[in-house]
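Asker: Sequence below, structure please.
(4 chains)
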There are 2 protein chains.
Amino acid sequence: MVTIQEVAKRAGVSVATVSRVINNRSKVKEKTRNRVEQAIDELNYEPSVLGRNLRNSESRLLLVLIPSISNPFYTEIINGIEDTSIKEGYNILLCETDSNPKREAIYFNLVRNRMADGIILMDPTINRKNVLELATNHPIVQCSEFDKEGNISYVSIDNELAAYQAVKHLIKIGKKRIAFINSDEKFLYARERRAGYEKAFREFNIAVEKKRIYNINQLNFESGQQAMRTLLNQEEKPDAVFAVSDVLAIGALKEIHANGLKVPDDIAIIGFDKISFSNMTHPTLTTVSQPMYRMGCISASMLINKIKGEEVESMLLEHELVIREST
Amino acid sequence: MVTIQEVAKRAGVSVATVSRVINNRSKVKEKTRNRVEQAIDELNYEPSVLGRNLRNSESRLLLVLIPSISNPFYTEIINGIEDTSIKEGYNILLCETDSNPKREAIYFNLVRNRMADGIILMDPTINRKNVLELATNHPIVQCSEFDKEGNISYVSIDNELAAYQAVKHLIKIGKKRIAFINSDEKFLYARERRAGYEKAFREFNIAVEKKRIYNINQLNFESGQQAMRTLLNQEEKPDAVFAVSDVLAIGALKEIHANGLKVPDDIAIIGFDKISFSNMTHPTLTTVSQPMYRMGCISASMLINKIKGEEVESMLLEHELVIREST
DNA sequence: GTGAAAGCGCTAACAA
DNA sequence: TTGTTAGCGCTTTCAC
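Answerer: The predicted model follows:
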């Protein structure tokens, strides 16, 4: 590896001057600068991030923690994070935690010992104490899922309102027995969306029936199928389904078809997230779209501002009900 | 941040001894070790990766370059890489390149200045010269897509054979006008799969018709739809389609349905990769499954061996034709 | 078995 | 405008 010393020697200057040229902080004479730049070119020199970081105790690396990269919901968010970070001179490290506290700990430690400058957390809080403790000393931003009580900044949407509007839409098109496929309610978004679901029911004087609410514990197609299978086995079948995620909705759709039922006539269905698959199903899926790309951009710039020591404010962004063929 | 000095002071020993305890390289007296460990516990000390790396010039970080995280094909591979790396004490950095040479350059530089120890490349070769040059000085392994001429180690499958078998299957079920939705043939896998497609045709004395081969340049649903639309507009419609990726096949499927045609009776269809969504379509998609998880595991351990200075050998793994409803 | 000290590559304070 | 030098946190030789 070629170091700053070798460049300095070749250019006939001190290492300080080379450093100045690289970082152009203070003035360097045009002629000297040229000589240094030539030496850099000739030697193909790349400053060692390691040396620089150790000295500056910053790494210009951001950690992005997601439970699973296989969930397409995160894709657009990550694009937003990536674009913003790169623009600001940061790189991102995508970390898949599988909601595993051990893996999370590994990544948290990278921040503790300055291997990374901050974290964007998209993981639902696994170990509240750990997160809050880390947040007291290190820049953290929560994206999408967050902790209402803790005072860590976040970017998200109004999940209760979104769910309320989705269910209201189902009621408006004449559905009465609206089932709800929800995630584990340890997640904030799950609790909030359930609140929205119930709010719509109350507003139209429909009783909330426990048996129509099904909580899954894995966000994949199979869980959606499984949930729908159970719901269809009930004596009084639902005439609509609100699923907390497109992935679940698509699984449910598959199961409805397998039972020879028609969507939306027999059963209408709404998903959540507007993943790209949701437009490929037959019929296309009504869903709630979140401004994922923007969420990504905002959480990245929030984090970067935090790293710079600025105060930042949490935000709730707009969502949109996208009505397609399944309702 | 608590440093090794503070631990040393608290334990009443030198920093060297603390280092010895942490890395247990040379012998430390039981009693001393206990005192040091206690100090580490009390202070909640975490060794700085930065300091250690600078000294050892290693980072225990592996870069994984993928064109796009939104392609589900990579998900399982990454799981394999991750599991293996963590077992071996390495962390991975997922890097999305968008096939953008500039981004690629950023990540390559991380390796050049020892911020990362090696790279698993899943990106189709963008800039051959750069990759080959990097490979002369740094550990690189190619996964899935590789460079046949260069001598960089790789893990992949026999794409020609897989395509040959898929097309042969279509011929065997009585299809004659088999279209081929392929990627840009700058990619090795695209060229190889085309070779397999043509080989099957030759074997059954069917003429390869140029008009039935459609090259897309983006691996997404819309491209599949677009390709199918074009193919369906031809005077003599195809009676089968072999798509180089499930994502394309699903887009094509959507378009076939939109034209009121039946799958597989009017048009049979085969995809590639066995992504989880391929089992959610109606009808379910016949596809070629690759041992993605294993590919990930193997490429990770190959890279780690390379980092350790061992010789490694390239491998081609087994694939499997998964016959489902669409054929 | 343990400690002192050099040095990994870099930046920034201070001097010149 | 440029050079000298300390020091970021760590590991490892060399002495003891």
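Asker: Domain-wise, how is chain A divided?
Answerer: A:4-47, A:61-157+A:292-318, A:159-289 (automatic domain parsing).
Asker: For DNA strand D, find the nearest of these.
Answerer: Counting by Cβ to the nearest atom of the strand, DNA strand D lies closest to domain A:4-47 out of those; the figure is 3.2 Å. Where you see a C-beta, it was placed from the backbone N, CA and C, and this is true even at glycine.
Asker: Distance check, the nearest residue to A:A200 once chain neighbours are set aside against A:S289.
Answerer: Closest residue to A:A200 apart from its sequence neighbours, by Cβ to Cβ, 6 or more residues apart in numbering or on different chains: A:V167 at 3.8 Å. In this view, A:V167 and A:S289 are 16 Å apart by Cβ to Cβ, to the nearest Å.
Asker: what do you get for A:H319?
Answerer: Using Cβ to Cβ, A:H319 is found at 7 Å from A:S289.
Asker: swap in A:F73?
Answerer: Distance from A:F73 to A:S289, counting by Cβ to Cβ: 11 Å.
Asker: ok, now A:L121?
Answerer: For A:L121, the distance to A:S289 - Cβ to Cβ - is 22 Å.
Asker: Show me which of the two is the more surrounded one.
Answerer: Using other Cβ atoms under 10 Å in any protein chain shown, the more surrounded residue of A:L121 and A:S289 is A:L121, with 30 against 18.
Asker: Report the mean confidence score over stretch A:313-326.
Answerer: Averaged across stretch A:313-326, pLDDT comes to 97.
Asker: So for that stretch, what gets flagged as buried?
Answerer: Neighbour-count burial for stretch A:313-326, counted by 16 or more other Cβ atoms under 10 Å in any protein chain shown, picks out A:319, A:321-322, A:324, A:326.
Asker: Name the nearest of those relative to B:A105.
Answerer: Nearest to B:A105, judged by Cβ to Cβ, of the buried residues of stretch A:313-326 is A:H319 at 37.1 Å.
Asker: circling back: show me which of the buried residues of stretch A:313-326 is closest to DNA strand D.
Answerer: Nearest member of those to DNA strand D, counting by Cβ to the nearest atom of the strand, is A:H319, at 43.9 Å.
Asker: How about the contacts made by the closest one?
Answerer: Counting by Cβ atoms under 8 Å, 6 or more residues apart in numbering or on different chains, A:H319 makes contact with A:157-158, A:161-162, A:288-291.
Asker: Any of those residues buried? List them.
Answerer: Using 16+ other Cβ under 10 Å as the burial test, the contacts of A:H319 include A:157, A:161-162, A:288-291 as buried.
Asker: Of the residues you listed, which belong to helices?
Answerer: A:161-162 (DSSP state H).
Asker: what residues does chain A put near DNA strand C?
Answerer: Listed as neighbours of DNA strand C in chain A under the rule Cβ under 7 Å from any atom of the strand: A:1, A:3-5, A:15-16, A:19, A:22-23, A:25, A:47-48, A:50-52, A:54-56.
Asker: could you redo the last one with a cut-off of 10 Å?
Answerer: Within chain A, the positions near DNA strand C by Cβ under 10 Å from any atom of the strand are A:1-8, A:14-23, A:25-26, A:45-58.
Asker: which of these come close to chain B?
Answerer: By Cβ under 8 Å from any Cβ of the partner chain, the members of the residues of chain A next to DNA strand C lying near chain B are A:1, A:46-51, A:53-54, A:57.
Asker: which of those residues count as buried?
Answerer: Buried subset of these (neighbour count, 16+ other Cβ under 10 Å): A:46-51, A:53-54.
Asker: sorry, back to before: from the buried residues of stretch A:313-326, which land in strands?
Answerer: Using DSSP state E to define strands, the subset of these located there is A:321-322.
Asker: what stretches of the stretch 101-250 of chain A score poorly on pLDDT?
Answerer: A:125 (pLDDT under 70).
Asker: Would you map the helices across it?
Answerer: In the stretch 101-250 of chain A, the helices defined using DSSP state H, counting those that start in this stretch lie at A:101-112, A:128-137, A:159-172, A:188-203, A:221-232, A:246-258.
Asker: out of the ones you listed, deepest packed?
Answerer: helix A:246-258 (a mean of 25; mean count of other Cβ atoms under 10 Å in any protein chain shown).
Asker: other SSEs contacting the helix or strand just after it?
Answerer: Going down the chain from helix A:246-258, the next helix or strand is strand A:268-270, by DSSP states H and E. Identification of packing neighbours for strand A:268-270 by 3 or more Cβ pairs under 8 Å, 6 or more residues apart in numbering or on different chains; DSSP states H and E yields helix A:159-172, strand A:240-243, helix A:246-258.
Asker: With distance to B:D273 as added columns, please give those in JSON lines.
Answerer: Listed next are the helices and strands packed on strand A:268-270 as JSON lines, based on distance: least, Cβ to Cβ, whole Å:
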{"stretch": "helix A:159-172", "distance to B:D273": "32"}
{"stretch": "strand A:240-243", "distance to B:D273": "25"}
{"stretch": "helix A:246-258", "distance to B:D273": "18"}
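Asker: So which of these is nearest B:R193?
Answerer: With Cβ to Cβ, the closest approach to B:R193 among the helices and strands packed on strand A:268-270 belongs to helix A:246-258: 27.9 Å.
Asker: what about that closest one and chain B, any contact?
Answerer: Yes - Helix A:246-258 lies within reach of chain B by Cβ under 8 Å from any Cβ, at A:250-251, A:254, A:257.
Asker: repeat for stretch A:217-225
Answerer: Yes - shown here: stretch A:217-225 in contact with chain B (Cβ under 8 Å from any Cβ) through A:220-221.
Asker: Just the buried residues of stretch A:81-94, please?
Answerer: Of the residues in stretch A:81-94, A:81-82, A:84-85, A:88, A:90-94 count as buried by neighbour count, 16+ other Cβ under 10 Å.
Asker: out of these, who's near chain B?
Answerer: Okay, of the buried residues of stretch A:81-94 touching chain B (Cβ under 8 Å from any Cβ), that's A:82, A:91, A:93-94.
Asker: Mind putting those residues into JSON lines with distance to DNA strand D, pLDDT and secondary structure?
Answerer: Formatted as JSON lines, those follow (distance: Cβ to the nearest atom of the strand, whole Å; pLDDT from 0 to 100; DSSP: H, G, I helix; E, B strand; the rest coil):
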{"residue": "A:E82", "distance to DNA strand D": "29", "pLDDT": "90", "secondary structure": "helix"}
{"residue": "A:N91", "distance to DNA strand D": "20", "pLDDT": "84", "secondary structure": "strand"}
{"residue": "A:L93", "distance to DNA strand D": "20", "pLDDT": "83", "secondary structure": "strand"}
{"residue": "A:L94", "distance to DNA strand D": "26", "pLDDT": "87", "secondary structure": "strand"}
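Asker: Out of those, flag the one nearest to A:I40.
Answerer: When those are compared for distance to A:I40 (Cβ to Cβ), A:N91 wins out at 21.3 Å.
Asker: give me the residue from chain A nearest chain B.
Answerer: Nearest residue of chain A to chain B (Cβ to the nearest Cβ) works out as A:L94 at 3.7 Å.
Asker: Might one say that the residue nearest to A:A200 is in contact with A:A179?
Answerer: No - A:V167 sits out of contact with A:A179 when judged by Cβ atoms under 8 Å, with a separation of 10.6 Å.
Asker: Show the backbone phi and psi for the residue in the stretch 101-250 of chain A that DNA strand C sits nearest to.
Answerer: Closest residue of the stretch 101-250 of chain A to DNA strand C, Cβ to the nearest atom of the strand: A:R114 (12.2 Å). The phi and psi values for A:R114, taken as degrees, to the nearest 10, are phi 60, psi 20.
Asker: residues touching it, list them.
Answerer: By Cβ under 8 Å, 6+ apart, the contact list for A:R114 reads A:53, A:57-59, B:1, B:48-50.
Asker: returning to that earlier point: output the buried residues of stretch A:313-326 as JSON lines; include the columns distance to A:E203.
Answerer: Output for the buried residues of stretch A:313-326, formatted as JSON lines (distance: Cβ to Cβ, whole Å):
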{"residue": "A:H319", "distance to A:E203": "19"}
{"residue": "A:L321", "distance to A:E203": "16"}
{"residue": "A:V322", "distance to A:E203": "22"}
{"residue": "A:R324", "distance to A:E203": "24"}
{"residue": "A:S326", "distance to A:E203": "23"}
